[in-house]
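# could you work out the structure for the sequence below:
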Amino acid sequence: MQTIPRIKRSTLVGVLVLCLWISITLALYVAHATYDTHSNYRASPKLSNFASKAEWTRSRWFQQPASRHHIALASTSGSSSDSDILLPLAWIFKKLLGKPYQSVNIYKEQSGKDYVSAMHDGGMHVDTDFIKPSQLIHDMESDTLFPHDPGAMIDILVLGTCEIDLQRHHPELLNTWDERPIEKRFTLVCIAHSRGPMEWFHILGHWAQRGALRLVTTSNHATRDLEITMGTLADSSDPNVSKSLFEYLTVETFYPMITVKRATPEVHLFKAGRHISNVAFLGDFRNQKKHYQNLFQDLLNLLEEFPVGMGYAHSTSPDTTYQRDLNTTIPPLKLHMIGDGPVELPASLRYVVDIHRDLDYPDLLQLVQSMDAVIPGVTDDAQFDSHTSSAIQIAVSCGIPLLTTHRLRAAYTYIDDDRLVITRPQAVRDADAIFALRTGSTRHIRNDFRLEELNTSLRRMMLRGWRTSAAYFYAVQTKVLKYDQDIVWRLLRDLP
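Predicted coordinates:
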């Protein structure tokens, strides 16, 4: 009788490993196919998946060349604030194009050169030879602009302050678009900073009907607000409005962020044993008077009750100016007001509060990097609903934690991360939260009704603390940049 040969143990192990490898490969293939079919890589409420989705988009369309080669970015409003959007966007366009016959031109006034300097310091180089905005319409009509690409015309026009720019140049631009051959018609990228007046939406309707419009905002909440407005207009009882095809108009979110040159090799935030000492209030003082006056009053109340904890002592002078307590080596708490406009500072706080106005952008970034935390000057409801605060972007670019609330985190979703922000309960004022983090105690915060939810939020804030790591901010900055590049990548290929 013939016996069946025994299988060696090593052979059996090899077969099992092979089966396991085949199973894993099939599972990954099915998962990728399912993701490829059902994913919606454009609708990302948070940054957790931004990088992977951007990488997926680029890998999928890697073999497809750009169909747009000549980019014009313009702002005819004369505002200096347009630089922090147009210039990072121009840098990405230049980075993704790069061929000799391709071009990226900026049409704006000569303001904003300090912003260009800050970008160059961080390794983001853009052309500083701005073209006068009055030249824009002529160049949009010309087919002799590009000697290395004969007959080519500008095929993407980005308007940096669209609510103003488009109303100013709509008739000429629309006429130029209509008169071009079909294969040479341009895409209009409209960067919206607010809802704009109703007449602006009527103008947008002409471009939406032609399928030539791409709307872009600079924050998630502004995107949501504009999408809701577009949906409402699409349902309008006015046939002239409903026929504008707003329901097919998509709104992108571009996060204008630059790489910031580090002021010192070792960021001071991460040294153990430090007390929170330098806090910045960052915003436009002209629109934040009530906010900063409340902050000053809260500081005065804390100085009156806890001068030693704040690092100050009453002076012997008649005006009761608070001065640094020389009996301690712990640095006092200093508030730095960084922004534009007048500030009404109480005389007793002149050694407690430093005011920094009208700084060049490199100096502003260097100053913010020396802070322990940033209080964003965001109190206007519009900055939670439809407008965007540049203070958020500046703090994240500099790697400094923001003192925020859950409402602010919900509006600016790319900072919705405990590692990047200090989240105070909305019932707790900014100054009280800072003093609690400085002293490690919340005894000065009143909770008359002993609400447990408030106590829980305070414990969470204290447990999180105020120190952070540069690695967290670098990760967010990298994801934001990849997401922004994905938007430009699709614009260059006419992809939705």
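# same for the helix or strand harbouring residue 395, what does it pack against?
In this assignment (DSSP states H and E), residue 395 forms part of helix 390-398. Under the contact definition 3 or more CB pairs under 8 Å, 6 or more residues apart in numbering; DSSP states H and E, helix 390-398 sits against strand 278-284, helix 361-369, strand 373-376, strand 402-404, helix 470-492. In short, each C-beta sits where N, CA and C put it, glycine included.
# and for the third one, what are the contacting residues?
It stands for strand 373-376. Contact partners of strand 373-376, identified using CB atoms under 8 Å, 6 or more residues apart in numbering, comprise 276, 279-283, 295, 368, 389, 391-392, 394-395, 400-404, 408, 422, 430, 434, 466.
# what about the helices in the stretch 251-400 of the chain?
For the stretch 251-400 of the chain, helices defined by DSSP state H, counting those that start in this stretch occupy the ranges 289-305, 307-310, 361-369, 382-385, 390-398.
# quick one: which of these is nearest residue 64?
helix 390-398 (31.2 Å; CB to CB).
# chain center to that closest one: distance?
7 Å (CA atoms, centre = their mean, to the nearest Å).
# now do stretch 184-198
Here the centre of stretch 184-198 is set off from its chain's centre by 19 Å, with CA atoms, centre = their mean.
# in the sheet, who's paired with residue 104?
Beta-bridge partners for residue 104, by DSSP bridges, are residue 71.
# that one reaches residue 93, doesn't it?
Yes. Here residue 104 reaches residue 93: they are 4.7 Å apart, a contact under CB atoms under 8 Å.
# flag the shaky bits of the stretch 201-350 of the chain, pLDDT-wise.
263-273, 315-319 (pLDDT under 70).
# residue 340: neighbouring residues, count only.
Residue 340 has 12 neighbouring residues, counting by other CB atoms under 10 Å.
# gap between residue 218 and residue 480?
Per CB to CB, to the nearest Å, residue 218 is found 11 Å from residue 480.
# mutual contacts of the two, please.
By CB under 8 Å, 6+ apart, the residues touching both residue 218 and residue 480 are residue 255.
# contacting residues for residue 124?
With contact taken as CB under 8 Å, 6+ apart, residue 124 is in contact with 88, 91, 258, 259.
# again with residue 159
Going by CB under 8 Å, 6+ apart, the list of residues near residue 159 reads 74, 75, 165, 166, 188, 189, 190, 191.
# quick check: of these, which has the highest neighbour count?
residue 75 (29 neighbours).
# tell me the spacing between the residue nearest the centre of the chain and residue 145.
Central residue of the chain (CA atoms, centre = their mean): residue 255, 3.9 Å from the mean position. From residue 255 over to residue 145 the distance is 30 Å, taken as CB to CB.
# swap in residue 111?
Residue 111 is 24 Å from residue 145, by CB to CB.
# span of stretch 375-389 from start to end?
End-to-end span of stretch 375-389 (CA to CA, to the nearest Å): 12 Å.
# give me the distance between the two termini of stretch 340-359.
9 Å.
# same question for stretch 322-341.
Its start and end residues considered, stretch 322-341 measures 25 Å (CA to CA).
# before we move on, what about stretch 211-231?
Start to finish, the residues bounding stretch 211-231 are 17 Å apart (CA to CA).
# in that stretch, which residues are buried?
212-227, 229-230 (16 or more other CB atoms under 10 Å).
# out of those, list just those in strands.
213, 214, 215, 216, 217 (DSSP state E).
# could I get those residues as a markdown table with distance to residue 121?
Below are these laid out as a markdown table (distance: CB to CB, whole Å):
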| residue | distance to residue 121 |
| --- | --- |
| 213 | 35 |
| 214 | 31 |
| 215 | 32 |
| 216 | 26 |
| 217 | 27 |
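# give me the neighbour count for residue 259.
Neighbour count for residue 259, taken as other CB under 10 Å: 18.
# now do residue 145
So residue 145, with other CB under 10 Å, has 17 neighbours.
# next: residue 360.
Residue 360: 13 neighbours (other CB under 10 Å).
# wait, doesn't it sit right on residue 116?
No. Taking CB under 8 Å as the definition, residue 360 is not a contact partner of residue 116, at 11.1 Å.
# same list (the helices and strands packed on helix 390-398) but as JSON lines, adding mean neighbour count.
Output for the helices and strands packed on helix 390-398, formatted as JSON lines (neighbours: other CB atoms under 10 Å):
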{"stretch": "strand 278-284", "mean neighbour count": "23"}
{"stretch": "helix 361-369", "mean neighbour count": "20"}
{"stretch": "strand 373-376", "mean neighbour count": "26"}
{"stretch": "strand 402-404", "mean neighbour count": "24"}
{"stretch": "helix 470-492", "mean neighbour count": "19"}
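# quick one: which of these is nearest residue 236?
For residue 236, the closest of those is helix 470-492, at 28.2 Å, according to CB to CB.
# what angle do that closest one and helix 390-398 make?
With axes from the mean of the first three to the mean of the last three CA atoms, to 10 degrees as the basis, helix 470-492 and helix 390-398 are set at 110 degrees to each other.
# what helices and strands are in contact with helix 470-492?
Against helix 470-492 (3+ CB pairs under 8 Å, 6+ apart) you get helix 50-60, helix 83-96, helix 390-398.
# which stretch in those has the least confidence?
In terms of average pLDDT, helix 50-60 trails the rest of these, at a mean of 48.
# identify the farthest-apart pair in the contacts of residue 159.
In the contacts of residue 159, two members sit farther apart than any others by CB to CB. They are 75 and 188, at 14.1 Å.
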